[in-house]
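[1] need a structure here:
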Amino acid sequence: MVQNTKNSKPRKGRPKKNMTKTGGQGIKMLLAGLFLTGFLVLCLVVLGQLRQTLHSGPKPLPLKPSQITANVRLELETMLWRAGISFEALHVFTEPDRVRYVVAASAPNENHFTELEKRLNTLPGDLRLIVIQPYTVVEIVSESGLLHRLEFTPAQKVKPGPARPQVAIVVDDLGFDLASARTLVEMDLAVTFSILPYAPKAVAVARLARQHGVEAILHIPMEPHGYPAIDPGPEALLQSTDPEAVKRQVRSWLDGLPYVVGGNNHMGSRLTEQNASMAAVMETLRERQLFFVDSRTSEASVAVAEARRAGIPVASRDVFLDNVRDVEAISRQIHQLVAVARRKGSAIGIGHPYPETLEALRRESRLLREQGIDVVPVSRLVYGGGSGEIGKGG
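    Numbering: from 1, shown residues only. The predicted model follows:
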């Protein structure tokens, strides 16, 4: 049988048509895959940014010039206070392009300005300290253009009068409330506030002291004999604390408490017997140009020796005023303090803001004036030297 060759010939071009269709579908699938991949990548990027925003929170707003001024003023006043310059000598003038501070006193030494510069570097605002004339004219510039200018004009020296017995009264454990601090301020006695750094009102009490020209020192919590049954408070310095950790802790307390000009120990009958620990405390106070008062809660205290080794001013407590919480007993201790001052020329007493102590101080304040006894900030006696007698106290 003869085949029909016409009908059996293959159709030319049909395979080519199938290949074109298959290739088109492949391209479409490739484009769809690329689109899907891109969409997924975009979603991941958006989700990542959203997550970062949620975790990082809103960006802080830039400080206003008034906030920068307040921060700088706090650091300036703290530096002047620690340098022993009374705020009665500070005059502030707000001018169109600057805030000018005229200080009727000699400029502090270079170490005080070095510490001020370090503190300014921790504040926002890109603050810079510029010495115009060797520590007699100093300017502080911020990124906002605000300018602070300090001018030191030494006051005329007054000839000292006849020597009178002097007593310093340090009131420990302040910072838990403002009421007792206000009561002391209202007595118009030049007492010294010793403020516990962990007390809830510590900064408020320090500011109150500054407002009324009252001297303030840091009440440094230290380990006593009998610890932990006798608790000196959170983050207290212990004999097991590494000396470098001691330094960090004291620096932290000083950074958080403005206007303090020195320190004394809170409890510490055990720690003040440790040379390495006390050396670390004194070295840190030396960094800030501060002094130390040994509360003398131990007969074996090495605080004075380590302070002298570190080269910082130091003195010791003479009389504890309120080991017995009775008004009459505290009054007798105040009389004892006066007796020591008459014998030695000066004496340091330490008490606490107990109601009985406040009442005894109020009662005896007039007697002190009538007997010609000057109640002075403890720094006056620290820089004049002194020693003390051993007792209990906190």
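
[2] contacts for the helix or strand hosting residue 253?
    Element membership for residue 253 (DSSP states H and E) is helix 243-256. Contact partners of helix 243-256, identified using C-beta atoms under 8 Å, 6 or more residues apart in numbering, comprise 119, 197, 202-203, 218, 220, 235, 237, 241, 260, 263, 276-277, 279-281, 283-285, 287-288, 290. Yep, even glycine has a C-beta here, placed from its N, CA and C like the rest.

[3] For stretch 224-239, measure first residue to last.
    By C-alpha to C-alpha, to the nearest Å, the extent of stretch 224-239 from end to end equals 10 Å.

[4] Show me the helices in the stretch 151-300 of the chain, by range?
    179-186, 202-211, 243-256, 275-287 (DSSP state H, counting those that start in this stretch).

[5] Identify whichever of these lies nearest to residue 132.
    Proximity to residue 132 (C-beta to C-beta) singles out helix 275-287 among the helices of the stretch 151-300 of the chain, at 25.8 Å.

[6] which residues touch the closest one?
    Contacts for helix 275-287 (C-beta under 8 Å, 6+ apart): 115, 220, 237, 239, 241, 243-244, 246-247, 250-251, 254, 262-263, 271-272, 291-292, 302-303, 306-307, 309-312.

[7] again, only using 6 Å
    Contacts to helix 275-287, defined as C-beta atoms under 6 Å, 6 or more residues apart in numbering, come from residues 243, 246-247, 250-251, 271, 292, 302-303, 306-307, 310, 312.

[8] likewise stretch 365-382?
    Stretch 365-382 is contacted by residues 164-168, 170, 187, 189-190, 192, 215, 261, 291, 293, 313, 315, 338, 346, 348 when judged by C-beta under 6 Å, 6+ apart.

[9] re earlier: could I get the average pLDDT for the helix holding residue 253?
    Throughout helix 243-256, pLDDT has a mean value of 98.

[10] now do stretch 322-335
    97.

[11] what's the pLDDT at residue 391?
    With respect to pLDDT, residue 391 scores 43.

[12] ditto for residue 64
    57.

[13] Ok, residue 152 next?
    For residue 152, pLDDT reads 91.

[14] Then residue 387?
    Note on residue 387: pLDDT of 46.

[15] What are the phi and psi values at residue 337?
    Residue 337 adopts backbone torsions of phi -60, psi -40, taken as degrees, to the nearest 10.

[16] in stretch 313-327, what's buried?
    Residues of stretch 313-327 classed as buried: 313-322, 327 (neighbour count, 16 or more other C-beta atoms under 10 Å).

[17] ok so, going back, okay, the helices of the stretch 151-300 of the chain in CSV with distance to residue 123 next?
    As requested, the helices of the stretch 151-300 of the chain are exported to CSV (distance: least, C-beta to C-beta, whole Å):
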stretch, distance to residue 123
helix 179-186, 27
helix 202-211, 16
helix 243-256, 12
helix 275-287, 19
